[in-house]
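Student: Below is the structure, and that's it, no one-letter string:
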């Protein structure tokens, strides 16, 4: 059974870069046709898809986040990472990583709260 666990700082200052890591257990991020995504939910709002990395290392970004988001992976650690630069208080959200097949997210991490504040 695949499990995903997000980790990272709970508090980030405005203009800094937010870095989060998703550690995957019980399965491999290189499993054929899998895709590993980052989705967030700001307070009082719906889910926002940010981007993903595929089993082959290909990256995909939502146009809303492409200019200041980077997603990478470490296959030796079975981890996927998210970097969001120049954060503002509007980036305060619960950040989730998820596994998908054919862009249907079937397994989610528990999420990690990130607050952007000085």
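Tutor: Cool, the structure landed. What you are looking at is a predicted structure, and each value in this text was computed from that prediction instead of being measured. Numbering: from 1, shown residues only.
Student: quick one: secondary structure of residue 67?
Tutor: For residue 67, the assignment made with DSSP: H, G, I helix; E, B strand; the rest coil gives helix.
Student: And for it, the neighbour number?
Tutor: 9 (other CB atoms under 10 Å). C-beta here means a position set from N, CA and C on the backbone, and glycine is covered the same way.
Student: what sits opposite the most centrally placed residue in the chain in the beta ladder?
Tutor: In the chain, the residue lying closest to the centroid (CA atoms, centre = their mean) is residue 38, at 2.9 Å. On the basis of DSSP bridges, residue 38 is bridged to residue 51, residue 97.
Student: isn't it right up against residue 93?
Tutor: No. Using CB atoms under 8 Å, residue 38 is not in contact with residue 93, being 10.6 Å away.
Student: Give me the pLDDT for the residue of the chain most remote from its centre.
Tutor: Farthest-out residue of the chain from its mean C-alpha position, per CA atoms, centre = their mean: residue 118, at 22.9 Å. At residue 118, the pLDDT value in this model is 94.
Student: Check the spacing between residue 9 and residue 18 real quick.
Tutor: Distance of residue 9 to residue 18, given as CB to CB, to the nearest Å: 7 Å.
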